[in-house]
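Undergrad: Using only what follows, build the 3D model:
(one chain, ligands or ions: 1)
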Amino acid sequence: MSEASQQSRTDAAIEVLRSRRSGHNFDASEDIDEETLEAIVEDATLAPSSFNLQPWEFVAVRNDDRLDELVEIANGQEHIAEAGTAILVAGHTTPKTADRVFDEWVEAGRVDAETGDAMREQTVAGYESDRAGRDYAIRNASLAAENILLSAHARGLTATPMTGFDFEAAAEFVDLPDDAIPVVLIAVGPSGGDEPERLPRRDVEEVLHYETF
Ligand SMILES: Cc1cc2nc3c(=O)[nH]c(=O)nc-3n(C[C@H](O)[C@H](O)[C@H](O)COP(=O)(O)O)c2cc1C
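TA: Numbering: from 1, shown residues only. The predicted structure is shown next:
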């Protein structure tokens, strides 16, 4: 890649991540189309995950009546209905993709069969406690969620991540299986205009620690 194209790639990516906002101003008269939704979810699936387990699921709610119900589940957050699409990002609390994924490591020639088995066993053992399962679900699915936010923003859309909702009610509402938990709900849709100024961020000097805290 030439230096100039590398620079424009860098500029574009940095601009997207620095200008991303959790918008609340949606154009209630327009919804994203399915093609765009699928492209955004494809971007989410490219997020990193532990051992490439991809322990996530995305439930898109787009039906108007169901969006109104979701507003109730999310403490009356009307922007969910105005956005037109809400994506519930869920994470697996068990390593249910492990068999398939470690076969893929082996098939791709990245590790031999014995190493693949050892990796699978180690991964499965890592999920033994309920706490570990939840931690893995939240860590991996959160990275996928950030990809949704950046992808939506890069496509000129508005997206807001939310955890201000009743997790149990949301799980029941979208019929999540027992081995998945809701991690974050994201409202996505065309922008309805400007957002208020970003709130202040803690300085790098305050949050960056070298070597030890
Ligand atoms: C874990 C998490 C939970 C959030 N929950 C909500 C929410 O329930 N409703 C909402 O409107 N925004 C929610 N937000 C958005 C934050 O308010 C927003 O990210 C923060 O104010 C910083 O603004 P910015 O994203 O525009 O930079 C949440 C963000 C995160 C990361």
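
Undergrad: Name the residue of the chain that lies nearest to the ligand.
TA: Closest contact between the chain and the ligand, by Cβ to the nearest ligand atom, is at Gly164 (2.7 Å). Just so you know, the C-beta spots here come from the backbone N, C-alpha and C atoms, and that holds for glycine as well.

Undergrad: For the nearest residue to that residue once chain neighbours are set aside, which three-state class applies?
TA: In space, Gly164 comes closest to Asn75 once its chain neighbours are excluded; the distance is 5.4 Å by Cβ to Cβ, 6 or more residues apart in numbering. Secondary structure, DSSP: H, G, I helix; E, B strand; the rest coil: Asn75 is coil.

Undergrad: chain center to the helix or strand harbouring Glu104: distance?
TA: Assigned by DSSP states H and E, Glu104 falls within helix 98-107. Put simply, helix 98-107 sits 23 Å off its chain's centre (Cα atoms, centre = their mean, to the nearest Å).

Undergrad: buried residues in the helix or strand following it?
TA: Counting by DSSP H and E, the element after helix 98-107 in chain order, helix or strand, is helix 113-126. Residues of helix 113-126 classed as buried: 116, 119-120, 123 (neighbour count, 16 or more other Cβ atoms under 10 Å).

Undergrad: For His92, name its beta-bridge partners.
TA: Beta bridges link His92 to Ala180, judged by DSSP bridges.

Undergrad: In this structure it contacts Ser49, no?
TA: No - using Cβ atoms under 8 Å, His92 is not in contact with Ser49; the gap is 10.0 Å.

Undergrad: ok, the residue sitting furthest away from the middle of the chain to Ala125 distance?
TA: Farthest-out residue of the chain from its mean C-alpha position, per Cα atoms, centre = their mean: Glu114, at 32.7 Å. Going from Glu114 to Ala125 by Cβ to Cβ, to the nearest Å gives 17 Å.
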